[in-house]
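# This is a predicted model, with the sequence first.
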Amino acid sequence: MPRFTIPRDIYFGRDSLKELENLSGCRAMICTGGSSMKKFGFLDKAAEYLKNAGFEVEIFDGIEPDPSVTTVMKGAEAMMRFKPDWIIAIGGGSPIDAAKAMWIKYEYPDISFDDMKKVFGLPKLRMKSKFCAVSSTSGSATEVTAFSIITDYDKGIKYPIADYEITPDVAIVDPEIAETMPKKLTAHTGMDALTHAIEAYVSTAANPFTDPLALSAIAMIGKDLKGSFDGDSLKRESVHYAQCLAGMAFTNGLLGIVHSMAHKTGAAFADCGSHIIHGCANAMYLPRVIEFNSKDERAKARYCIIADTLGISADSPNEKIKKLTEYLEDMNKALGIPTCIKNCGANGDISSKSFMPEDIFLKRVPEIANEALLDACTLSNPRKISQSEMEKLLACCYYGTHVDF
C-alpha cells in the first residue's frame with residue numbers, strides 16, 4: 001500500500017534550534033561529528049536549550065564522515081549506559097545517519113548489522129527513545145527521511161538502512177547553521193539534493209504526493225544553488241529548505257541507480273588513498289544516468305518536465321534531454337565539481353590526474369556493478385539494468401563518455 005511518512009514536526013527558520021527547549025524528557029544524548037558544530041557554538045547552544053528544558057545531557061562526538069559499523073556499535077553502547085529518552089543528532093548527514101543506526105541497536109541490543117540493513121524489516125522503535133535531527137548541511141535531508149547510510153570498511157561497501165521506523169520524530173531545519181558550510185561542501189551537498197529530487201521524480205514509486213515536492217526542490221535548487229555557493233545567505237536559506245523538500249520526496253518516492261552507483265563506489269577505493277565523496281559522485285553520475293534512463297518513454301517524458309521546470313527549452317524531447325544533461329554538466333563546472341571519475345582528485349576536486357588509476361577501476365568494475373545491482377535504490381529506477389549495462393554505465397562515468405545503449 002502506498003504510504004507518505006515524514007517527521008511529525010518540522011521546525012524551520014532562523015534560531016529554530018531553540019525548539020529543543022520545548023522537548024519533554026529526562027535524558028538527552030547529543031550525537032555529532034567533528035568540530036564544526038562546537039566551533040560555531042551550535043553544540044553548546046543545543047546542550048543549553050536541552051538543559052533549560054530539564055534534561056540531563058551527554059554528548060557522543062567524533063562521528064566520522066561516511067560513518068562506520070564500528071562507530072555505530074560504540075555509540076549504541078554509550079546509549080545503553082546513559083539510557084536517553086531523546087536522541088538529538090546535530091550536524092551533516094553522517095552524524096544523523098550514524099545516530100539513526102545507533103538508535104536501532106540501543107532499542108534492540110541483540111540485533112545484528114545484517115538484520116538492521118534488511119530493507120523495511122526493522123522492529124518497532126520508540127520503546128526507549130524518540131529522535132530529533134538537526135541538519136547542518138543542505139543535501140542529505142536525512143532529518144526527514146527513512147534512510148541511513150553506514151559503511152562497512154572491511155568490505156568497502158556503503159549499505160543503506162531503510163525503514164520508516166527511523167524517520168525522525170522531530171526535524172529542525174535552521175538556515176543559520178547551514179551558513180557555516182564551506183564552499184566545497186555547499187557544492188557537493190547541493191548537487192546531492194538536486195539528484196534526490198530528480199531521481200524521486202522519475203522513480204517508479206513517484207506519486208501525486210511526492211511529485212510537487214520534487215519539482216519545487218528542483219526549481220529552487222536550480223535557481224539558488226550557484227548563489228548559495230557564492231555565499232548569498234538568502235539563497236543558502238532557500239537551498240536549505242529545498243533539500244528538505246527533496247528529502248520528503250525521495251523518502252516516500254525512492255531513488256534510482258545514481259545512488260546505487262554512488263553507494264557502491266564511495267568506499268570501494270579507500271585503499272587508493274581516498275573515496276569518492278557522495279555528493280560529488282551523484283553530480284558526476286547524474287547526466288550519464290539520465291542518458292541511460294531516457295530510453296524509457298515514461299522517464300523521458302518526466303525528464304522533459306524537469307527541463308521545463310529549470311527553464312530549458314528545445315524543439316524535441318531528445319534535444320531537451322541533451323540540454324538537460326549539458327545544464328547539469330555546466331552546473332558541475334560552475335561549482336568546481338569534476339564531470340567524470342577520471343578527472344576527480346582525492347578530495348572531489350577537478351584534477352588532470354585521478355586518485356583512482358584506470359587499471360584498478362576497470363579491474364573492480366564487475367564487482368562494483370554487481371553490488372550496485374543489489375542496492376535497494378536499483379529497484380525503483382525507471383529503466384531496468386543488467387550486469388553488463390551497469391558495467392558499461394560505470395565506465396561512461398569514469399571516462400565521461402555519453403551513454404548510447
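Perfect, thanks for sending it.
# Now do the helices in the stretch 151-300 of the chain.
Remark: helices assigned in the stretch 151-300 of the chain by DSSP state H, counting those that start in this stretch are 175-178, 183-202, 211-229, 233-253, 257-266, 278-293, 297-309.
# can I get those helices in a markdown table with distance to S138 and mean pLDDT?
Every residue, glycine included, has its C-beta placed from N, CA and C. Output for the helices of the stretch 151-300 of the chain, formatted as a markdown table (distance: least, Cβ to Cβ, whole Å; pLDDT from 0 to 100):
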| stretch | distance to S138 | mean pLDDT |
| --- | --- | --- |
| helix 175-178 | 5 | 97 |
| helix 183-202 | 5 | 97 |
| helix 211-229 | 7 | 98 |
| helix 233-253 | 4 | 98 |
| helix 257-266 | 17 | 92 |
| helix 278-293 | 10 | 97 |
| helix 297-309 | 19 | 98 |
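# Indicate which one of the ones you listed is closest to G400.
helix 278-293 (8.1 Å; Cβ to Cβ).
# so which of the helices of the stretch 151-300 of the chain gets nearest D114?
helix 257-266 (16.7 Å).
# Show me which positions of that closest one end up buried.
257-266 (16 or more other Cβ atoms under 10 Å).
# contacting residues around the residue sitting nearest the centre point of the chain?
The residue lying closest to the centre of the chain (Cα atoms, centre = their mean) is S140, at 3.2 Å. Neighbouring residues of S140 by Cβ atoms under 8 Å, 6 or more residues apart in numbering: 92-93, 96-97, 189, 192, 243, 247.
# now, the most widely separated pair of the residues you listed?
The distance between the two most remote of those (Cβ to Cβ) is 14.8 Å, for D97 and Q243.
# Make a markdown table from the contacts of S140 and add distance to Y11 and neighbour count to it.
Compiled in a markdown table, those are given as follows (distance: Cβ to Cβ, whole Å; neighbours: other Cβ atoms under 10 Å):
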| residue | distance to Y11 | neighbour count |
| --- | --- | --- |
| G92 | 18 | 26 |
| G93 | 19 | 29 |
| I96 | 15 | 31 |
| D97 | 20 | 28 |
| T189 | 20 | 30 |
| D192 | 22 | 28 |
| Q243 | 16 | 30 |
| G247 | 15 | 29 |
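# mind checking how far E199 is from G253?
Look at E199 and G253: by Cβ to Cβ, to the nearest Å, they are 8 Å apart.
# who's more crowded, the two?
Under the criterion of other Cβ atoms under 10 Å, the comparison of E199 against G253 puts E199 first, with 30 against 26.
# Report whether the expected contact of that one with V258 is present.
Yes. With contact defined as Cβ atoms under 8 Å, E199 reaches V258; the gap is 5.8 Å.
# Mark out where each domain of this structure begins and ends.
As assigned by automatic domain parsing, the chain contains the domains 9-178, 183-399.
# For F405, which of these is the nearest?
For F405, the closest of the domains of the chain is domain 183-399, at 6.2 Å, according to Cβ to Cβ.
# Give me the distance between the two termini of that closest one.
Its start and end residues considered, domain 183-399 measures 26 Å (Cα to Cα, to the nearest Å).
# Ok, stretch 271-284 next?
21 Å.
# Report the distance from it to the chain centre.
Chain-centre distance of stretch 271-284: 13 Å, with Cα atoms, centre = their mean, to the nearest Å.
# Which positions within that stretch qualify as buried?
274-284.
# gap between the nearest residue to S216 once chain neighbours are set aside and L43?
Once flanking residues are discounted, S216 sits nearest to L245: 5.4 Å by Cβ to Cβ, 6 or more residues apart in numbering. According to Cβ to Cβ, L245 and L43 sit 27 Å apart.
# Between these two, tell me which one has more neighbours.
Applying other Cβ under 10 Å to L245 and L43 shows that L245 carries more neighbours, namely 26 against 20.
# for this structure, what are the low-confidence residue spans?
Within the chain, the stretches with pLDDT under 70 are 272-274, 352-354.
# What are the boundaries of the strands in it?
For the chain, the strands defined by DSSP state E occupy 9-12, 27-31, 56-60, 86-91, 130-135, 147-152, 157-162, 170-173.
# what about D169, neighbour count?
The number of residues packed near D169 is 17, by other Cβ under 10 Å.
# That one against I10, yeah?
No. In this structure, D169 is not within contact of I10 by Cβ under 8 Å, at 10.6 Å.
# still on that earlier bit, can I assume the residue nearest to S216 is in contact with I218?
No. Contact criterion Cβ under 8 Å: L245 and I218 do not qualify, at 9.3 Å.
# anything in contact with each of these two?
Common neighbours of L245 and I218 (Cβ under 8 Å, 6+ apart) are A197.
# What's opposite the spatially closest residue to I10 that is not a sequence neighbour in the beta bridge?
Closest residue to I10 apart from its sequence neighbours, by Cβ to Cβ, 6+ apart: A171 at 4.6 Å. Counting by DSSP bridges, A171 forms beta bridges with I10, A133.
# Tell me how far A171 lies from F12.
A171 sits 8 Å away from F12, taking Cβ to Cβ as the criterion.
# ditto for A246
14 Å.
# do the same with S238
On the measure of Cβ to Cβ, S238 and F12 end up 12 Å apart.
# neighbour-wise, which of these two wins?
The residue with more neighbours, out of S238 and F12, is S238; 20 against 15, by other Cβ under 10 Å.
# If you tally nearby residues, what's the number for D232?
Counted with other Cβ under 10 Å, D232 comes out at 14.
# now it, nearest residue through space, not along the chain?
With Cβ to Cβ, 6+ apart as the criterion, D232 has its nearest non-adjacent residue at 7.8 Å, and that residue is D224.
# just R364 next, same as before
A268 (6.2 Å).
# list the contacts for that neighbour?
156-157, 275, 364, 368.
# Format the residues you listed as JSON lines; extra columns: distance to N293.
Formatted as JSON lines, the contacts of A268 follow (distance: Cβ to Cβ, whole Å):
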{"residue": "G156", "distance to N293": "27"}
{"residue": "I157", "distance to N293": "24"}
{"residue": "H275", "distance to N293": "25"}
{"residue": "R364", "distance to N293": "24"}
{"residue": "I368", "distance to N293": "19"}
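# just those residues now: which is nearest F82?
For these, the minimum distance to F82 (Cβ to Cβ) is 30.5 Å, reached by I157.
# Which one of the domains of the chain lies nearest to P2?
For P2, the closest of the domains of the chain is domain 183-399, at 5.8 Å, according to Cβ to Cβ.
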